[in-house]
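1. next one to model:
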Amino acid sequence: AMRLCIVNDEESIQETSSNITMHRRIALLLLLATFVCGLPSIIVSGNLFFNAESGEQWWAKGVTYQPKEPNSIHHDVLADRTTFDRDFPYLRDLGVNVIRVYEVYAGEDHDYAMQKLEEAGIYVLLDIPASLPGQSIDTNNPTWNEDLFNLFKAKIDAFSGYTNMLGYVASNEVSNQASNTPASAFVKAAVRDVKAYLRSQNLTNPVGYAIADAGDIVEDQQAYFACGTPEERVDFYGVNIYRWCGNRTFDNSGWNLFTAELENWPVAITLTEYGCNLVRPRYWTETLALYSSNMTSVISGGFAFEYSQEENNYGLVNIAEDNTITDIDYQYYQARLDEVNPTGTTLSTYTYTPITVTCPPVVVGKWQAASNPLPPAINPGYCSCVLQSLTCRADATSAAAVINQTSTVEAVYATVCSQAGLCDDISANGQTGSYGGMSMCDALVRVSVVMNNYYTSRTNPTAENCDFSGFGRIQTPSTSLAQCRSTYSVSSSTVATSTSEPSSTSPSTTSSSSTSPNTDSSDSSDSSNPSPSSTAIGSSSSGGTDPSTTSPSGGSTSTSSSNGSSSTRSTSSNSENPTSSGLDIDNDANALLISSSLLVGAFLVL
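-> Coordinates of the predicted model:
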């Protein structure tokens, strides 16, 4: 994406050209506006990053940047000019060429911060998810659907016009133990669809996923996101690594083994977090190794964790009442970055033979995410057509309106999904690879499909069977499901009701402690999507903020339910008048409505 240089202050032209006529001044402004400015794109080719203009190999010399502000849980640091002005001089003077930012919001204005960073030669690696409920892939109740995809697209649209956008992190440490590895299937589906969207917009930003270098799933997780077709595997693999503590070396820190394992990997590798703090001060000797010939042909640099001092004690600077004090760690890292000068290959001369990565098999208790099929690709046209094919549907006019009626939607699911087969069309199981054909649709379509399944399963259905306490209504279908499948090239096998049963080893209902220190990118559950592996329909997660004692970034993990519910959905024979749920379907009773706002802003970049 290229951006035209825009003259921000005509008065500056006027001051230096006071004798120039107005016509000539306008001509000068137009001439200046024709020059393309900004930073060159950074692309991935093979397993390395390259400067797209010069063709030179590129390494991230970065730091993670997400300072917390008092009384602000969800803080967009690139939209808060006061915060950014306070921090920018220290980021610039640190000598980094990129920052990793964990949380932004599409509707905010990021022009000022992005322009200042661009002028300093600093790129941005952006995590797309956010810690607000429904804005990320939940560890224990994972979903991938149009609602979440629209949020991801909005952020991409908001940042796509900046030339210093390095790339996007689709999720951070969603799977951190064997029991929640099925969630990785949904992350990989997100990577696939985000990459497809970028291609459709003629954008070349790479898309990756960040994992913790911990636990017994590391090798399988590495293979999972690097296997398959180029369209579905990551462009780069981010590792949050904290092996090198204190006075270690490349060989005795384990970095030698880590690097050897990833040599000739078919995707690029970068350290999305590093910097063990068990020994203080941190001399950052690992930074010297990272940009040495031992690693530069395999690992494309990394990001020191983290800029500001938080509860987990990893900060390079201390901030108190807007007074910034650099820690000795800052000074050592600054010195190391100034000292390193990596050399590598060029895009025109680069050759390598990638290894073939085999997708890991599903093994209960080890790796439990199916590689094929992945959750269905987002298909808005098909989902809209499905809604028009239904006889019974939600009365709401938008997905946002459905999401705002949390308790009513939960009651619908609790009632209908207790009956065998009626929710299979929207179910999703990452372990078995069983996905309902409408599981990728938005909240309005999903709940409407379930309501219609209930309605059509009744003997001689009436309008009462579609009332759902005033939540539903009858419509005259304008098309058929068969026609929708034909129009949007969706096979009947893809959308057919699933006959597979939920796995007995579904993801854990208890959030594990995180395995690395970041707490800013918490993944939250979708409150309107039931899943065969979920523990409670519509449960919302809490974004835990306690740092791990082993490694500090665990923002993506979360509990599967904020109300402590651990009951699972049961299946039973079809009943005309179910009474076990909290919603009386066949009588027009008022349902309790709990409203929560979901704001999706659109940011237009000139």
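
2. what comes up buried for stretch 54-61?
-> With burial defined by 16 or more other Cβ atoms under 10 Å, the residues of stretch 54-61 counted as buried are 57-61. For the C-beta atoms, the positions are set from N, CA and C on the backbone; glycine is no exception.

3. let me redo that: stretch 251-261
-> 253, 255, 258-259.

4. reformat the residues you listed as JSON lines; add secondary structure and pLDDT.
-> Shown next, in JSON lines, are these (DSSP: H, G, I helix; E, B strand; the rest coil; pLDDT from 0 to 100):
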{"residue": "253", "secondary structure": "coil", "pLDDT": "96"}
{"residue": "255", "secondary structure": "helix", "pLDDT": "97"}
{"residue": "258", "secondary structure": "helix", "pLDDT": "94"}
{"residue": "259", "secondary structure": "helix", "pLDDT": "97"}
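
5. which of those residues sits closest to residue 366?
-> residue 258 (20.5 Å; Cβ to Cβ).

6. so that closest one sits right up against residue 213, yeah?
-> Yes - contact criterion Cβ atoms under 8 Å: residue 258 and residue 213 qualify, at 7.1 Å.

7. list residues touching both of these two?
-> Any residue near both residue 258 and residue 213 by Cβ atoms under 8 Å, 6 or more residues apart in numbering counts here, and that gives 239, 241, 243.

8. can you confirm the first one is in a strand?
-> Yes - if the criterion is DSSP: H, G, I helix; E, B strand; the rest coil, then residue 239 is within a strand.

9. so it touches residue 211, yeah?
-> Yes - contact criterion Cβ under 8 Å: residue 239 and residue 211 qualify, at 6.3 Å.

10. sorry, back to before: tabulate the buried residues of stretch 54-61 (a markdown table), appending pLDDT and secondary structure.
-> Output for the buried residues of stretch 54-61, formatted as a markdown table (pLDDT from 0 to 100; DSSP: H, G, I helix; E, B strand; the rest coil):
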| residue | pLDDT | secondary structure |
| --- | --- | --- |
| 57 | 98 | strand |
| 58 | 98 | strand |
| 59 | 98 | coil |
| 60 | 98 | strand |
| 61 | 98 | strand |
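
11. OK, contacts around residue 422?
-> Applying Cβ under 8 Å, 6+ apart, one finds that residue 422 lies in contact with 416, 450, 453-454, 457.

12. farthest-separated two in those residues?
-> Maximum distance among the contacts of residue 422 (Cβ to Cβ): 10.8 Å, for 450 and 457.

13. of the two, which one has the most company?
-> Counted by other Cβ atoms under 10 Å, residue 450 and residue 457 do not tie: residue 450 has more neighbours, with 26 against 16.

14. give me the below-cutoff pLDDT ranges for this protein.
-> By pLDDT under 70, the weakly predicted segments of the chain are 1-37, 71-73, 322, 492-606.

15. please redo it, this time with the cut-off set to 50
-> Residues of the chain that meet the criterion pLDDT under 50 lie in 1-20, 28, 31-36, 493-515, 519-551, 555-606.

16. distance of residue 292 from residue 59?
-> Distance of residue 292 to residue 59, computed by Cβ to Cβ, to the nearest Å: 11 Å.

17. likewise for residue 346?
-> For residue 346, the distance to residue 59 equals 14 Å [Cβ to Cβ].

18. before we move on, what about residue 456?
-> For residue 456, the distance to residue 59 equals 58 Å [Cβ to Cβ].

19. list the contacts of the nearest residue to residue 352 once chain neighbours are set aside.
-> Closest residue in space to residue 352, ignoring its immediate chain neighbours: residue 46 at 5.2 Å, by Cβ to Cβ, 6 or more residues apart in numbering. Neighbour list for residue 46: 266, 268, 350, 352, 354 [criterion: Cβ under 8 Å, 6+ apart].

20. list the contacts for the first one?
-> Under the criterion of Cβ under 8 Å, 6+ apart, the neighbours of residue 266 are 46-47, 226, 233, 354-357.

21. make CSV out of those residues and add distance to residue 406 and secondary structure.
-> Formatted as CSV, the contacts of residue 266 follow (distance: Cβ to Cβ, whole Å; DSSP: H, G, I helix; E, B strand; the rest coil):
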residue, distance to residue 406, secondary structure
46, 46, coil
47, 44, coil
226, 38, helix
233, 35, coil
354, 46, coil
355, 47, coil
356, 46, coil
357, 41, coil
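
22. nearest to residue 176 among the residues you listed?
-> Closest approach to residue 176 among the contacts of residue 266 (Cβ to Cβ): residue 226, at 18.3 Å.

23. which residues of the stretch 201-350 of the chain fall in helices?
-> Remark: helices assigned in the stretch 201-350 of the chain by DSSP state H, counting those that start in this stretch are 218-226, 255-261, 285-290, 328-339.

24. just name the most buried of the ones you listed.
-> Neighbour counts (mean count of other Cβ atoms under 10 Å) averaged over each of those peak at helix 285-290, with a mean of 22.

25. keeping just the C-alphas, turn that one into PDB.
-> Extracted as PDB, the C-alpha positions of helix 285-290 are listed here (Å, rounded to 0.1, in the frame of the first residue of the first chain):
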ATOM      1  CA  THR A 285      23.500 -10.900  25.300                       C
ATOM      2  CA  GLU A 286      20.900 -12.900  23.400                       C
ATOM      3  CA  THR A 287      20.400  -9.900  21.100                       C
ATOM      4  CA  LEU A 288      24.000 -10.300  19.900                       C
ATOM      5  CA  ALA A 289      23.300 -13.900  19.100                       C
ATOM      6  CA  LEU A 290      20.000 -13.200  17.400                       C
END
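
26. who's in contact with that helix?
-> By Cβ under 8 Å, 6+ apart, helix 285-290 touches 244, 247-250, 253, 255, 271, 274-275, 295, 299, 301-302, 304, 333, 336-337, 339-340.

27. how about 6 Å then?
-> Identification of contacts with helix 285-290 by Cβ atoms under 6 Å, 6 or more residues apart in numbering yields 244, 250, 302, 336.

28. now for the nearest residue to the third one once chain neighbours are set aside, how many residues are close by?
-> By the measure of Cβ to Cβ, 6+ apart, the closest residue to residue 302 outside its immediate chain neighbours is residue 271, 2.8 Å from it. Residue 271 is surrounded by 27 other residues when neighbours are defined as other Cβ under 10 Å.

29. residue 267 too?
-> For residue 267, the neighbour count with other Cβ under 10 Å is 23.

30. for residue 318, see how far away it is.
-> Residue 267 is 37 Å from residue 318, where distance means Cβ to Cβ.

31. swap in residue 425?
-> From residue 425 to residue 318 the distance is 53 Å (Cβ to Cβ).

32. looking at the two, which one has more neighbours?
-> Ranked by neighbour count (other Cβ under 10 Å), residue 425 and residue 318 place residue 425 first, with 24 against 13.
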